[in-house]
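> Sequence and predicted structure below; questions after.
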Amino acid sequence: AGDDLLGIGDGNAPLESDPILHHVHPKRFIFIAHTPSEGYGGHPVRYGNDGTIIDPHKPERSERTKSRFRIAFLGDSFTEATGVPYEKSFVGILGRRAKPGVEIKNYGCSSYSPIFYWLQWKTFVREFRPTHVIVLLYSNDVSDDETFLSKGKLGMNDDLIAIPGPGNDWWKRLGRKFY
């Protein structure tokens, strides 16, 4: 479900509008990474049942494991790392080298900044119950926070509750299944 038609098709950063996190990865989706400039590509990228980046060569775990350590990685496109094969990303390398009993989740998403990490935490990261959280920051993150905060919705006590996306992009989701 959600995979490329017959394993063909390519892309570089499929994102969908979201009412809380502005934009998210499509769930249960595989594509072949490609940029029009041919700067990188040719490797599969896979988003799991929850939209997080997962190893495209391993089955996704459907049940919660009783891991001693659960590490959550948060960040923007550098953490997402779709420009390199999963096994060469820093999250993939750490996952391969981790001892049994260590579970790793990559919550990285293009164009995210610290304001999104708070919303991710409240929305679904805390349900993972991480024992460790590693956040990768980049130089443009502070200015990105200012931009997205201006679009944010505040709740009681001026707590950020959402950064709504641009709206329903059902035609993009439908078109993605046919490219």
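Arrived safely. Bear in mind that the values here come from a model prediction, so they are computed numbers and not experimental data.

> What count of nearby residues applies to L94?
15 (other C-beta atoms under 10 Å). Placement of C-beta: from N, CA and C, glycine included.

> part of a helix, is it?
Yes - the assignment for L94 is a helix, going by DSSP: H, G, I helix; E, B strand; the rest coil.

> Report the contact partners of it.
Residues near L94 by C-beta atoms under 8 Å, 6 or more residues apart in numbering: I71, I104.

> Show the pLDDT at it.
We have a pLDDT of 96 for L94.

> same check, this time on I8
For I8, the model assigns a pLDDT of 46.

> Does W118 touch L160 like I think?
Yes - the criterion here is C-beta atoms under 8 Å, and W118 meets it with L160 at 6.5 Å.

> Looking at the two now, which is surrounded by more residues?
L160 (16 against 13).

> any chance you could map the strands in the protein?
Assigned by DSSP state E, the strands in the chain fall at 10-11, 16-18, 22-24, 29-34, 41-47, 53-54, 69-74, 102-106, 132-135, 153-154, 160-162.

> how about a markdown table for those, with distance to P114 added?
Supplementary listing: the strands of the chain in a markdown table, determined by distance: least, C-beta to C-beta, whole Å:
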| stretch | distance to P114 |
| --- | --- |
| strand 10-11 | 27 |
| strand 16-18 | 17 |
| strand 22-24 | 14 |
| strand 29-34 | 26 |
| strand 41-47 | 22 |
| strand 53-54 | 19 |
| strand 69-74 | 9 |
| strand 102-106 | 17 |
| strand 132-135 | 7 |
| strand 153-154 | 16 |
| strand 160-162 | 11 |
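
> Since that was my last question, I'll sign off now.
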